[in-house]
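> sequence? don't have it. structure:
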Ligand SMILES: Nc1ncnc2c1ncn2[C@@H]1O[C@H](COP(=O)(O)OP(=O)(O)OP(=O)(O)O)[C@@H](O)[C@H]1O
């Protein structure tokens with residue numbers, strides 16, 4: 001899958017130009033005190049020393065195989081609290097699979113992975129997740145506020161929220177998170193009658209309602225028009241930086257989120273490069289990643305276009321056709 005691993009592994013999770021180092025290192029075998037807390041055999045975290053800034057997500061030498069195929073390997077990544085990270089790359093390279101690995105539903109084939117200091121899948125409501133977009137039937141009568149409430153009690157379907165003080169606290173939290181995403185005006189409308197952007201805000205509210213420390217978003221801007229992409233991107237950036245939620249977001253077009261991002265992970269050719277957008281999304285770094293000349297152009301309005309990008313290993317041409325932005329099959333917005 002990766003005949004020239006040096007092209008990727010030399011970066012070991014960073015762009016060629018040295019990116020600012022995270023405050024804490026990845027938990028690697030032999031560390032006296034693992035940053036972020038190495039998971040114990042039971043999946044519990046070893047406490048991090050006071051004052052140390054532990055990464056909330058850590059991948060060291062991670063690899064994943066699905067259907068007998070290695071999608072990516074040698075991937076290193078650390079995400080700190082309050083960081084906004086985009087996962088980019090062509091169709092089928094394993095971006096959603098990375099999210100599934102962090103959720104603990106897809107086992108890694110190699111490497112060490114921790115989420116909030118424990119094994120993936122062990123942090124419960126401390127991790128929020130918004131899956132790839134599913135559109136609601138226009139006739140669906142369930143209200144937006146009920147969709148948000150499912151984030152609190154959806155795992156106890158049919159069992160009402162407890163009465164008394166806990167119920168009041170839950171209702172206050174639902175109202176608070178609806179306010180946070182700016183959905184107050186339509187939260188009592190049937191979800192099927194809400195626009196795509198309104199539905200997406202309500203789904204983000206649902207993912208936030210349990211106050212997660214890590215938010216995993218799989219293409220939350222997909223199918224939204226440009227103004228809504230900008231608005232939802234700004235909302236996610238605000239939640240990330242103000243509420244100190246670490247956001248890992250799969251995206252096909254980096255442009256709507258470019259100004260909100262701290263770093264990107266660009267997956268291609270079986271490996272990944274991680275760093276600030278300007279250090280990853282440039283001709284030099286992407287040419288090295290793809291092992292073929294790739295040109296990154298910047299349009300007059302500041303959008304980035306990749307030209308000469310090889311065909312992806314698996315094209316899902318229909319769903320993402322819109323993200324090509326009309327630049328033809330040699331170029332795409334990323
Ligand atoms: N359970 C599975 N069995 C076999 N192949 C799988 C399985 N799950 C995913 N794949 C394949 O793994 C590859 C990566 O899938 P993934 O959804 O992670 O890609 P992606 O980069 O998110 O793609 P897209 O940009 O199109 O959403 C795809 O080729 C997909 O068909």
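That came through, no problem. Because the structure is a prediction, the values reported are computed rather than measured.
> got the residues of the stretch 1-150 of the chain near the ligand?
Contacts of the stretch 1-150 of the chain with the ligand, taken as C-beta under 6 Å from any ligand atom, map to 66, 67, 71, 89, 91, 92, 93, 94, 95, 96, 97. All C-beta atoms are positioned from the backbone trio N, CA, C, and that covers glycine.
> Recalculate using a threshold of 5 Å.
Within reach of the ligand by C-beta under 5 Å from any ligand atom, the stretch 1-150 of the chain has these residues: 66, 67, 91, 92, 93, 94, 95, 96, 97.
> where's the fifth one relative to residue 141, distance?
This means residue 93. Using C-beta to C-beta, to the nearest Å, residue 93 is found at 39 Å from residue 141.
> related to what we said a few turns ago, show the buried residues in the residues of the stretch 1-150 of the chain next to the ligand.
Burial by neighbour count, 16 or more other C-beta atoms under 10 Å: within these this picks out 91, 93, 94, 95, 96, 97.
> quick one: the fifth one and residue 133 touch, right?
Which is residue 96. No - in this structure, residue 96 is not within contact of residue 133 by C-beta atoms under 8 Å, at 11.8 Å.
> Redo the residues of the stretch 1-150 of the chain next to the ligand as JSON lines? Include pLDDT.
Converted to JSON lines, those look like this (pLDDT from 0 to 100):
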{"residue": "66", "pLDDT": "95"}
{"residue": "67", "pLDDT": "91"}
{"residue": "91", "pLDDT": "89"}
{"residue": "92", "pLDDT": "91"}
{"residue": "93", "pLDDT": "94"}
{"residue": "94", "pLDDT": "95"}
{"residue": "95", "pLDDT": "95"}
{"residue": "96", "pLDDT": "95"}
{"residue": "97", "pLDDT": "96"}
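> which among those residues gets closest to residue 250?
Of all those, residue 250 sits closest to residue 95, with 4.5 Å by C-beta to C-beta.
> The closest one: what's it in contact with?
87, 88, 89, 218, 250, 267 (C-beta atoms under 8 Å, 6 or more residues apart in numbering).
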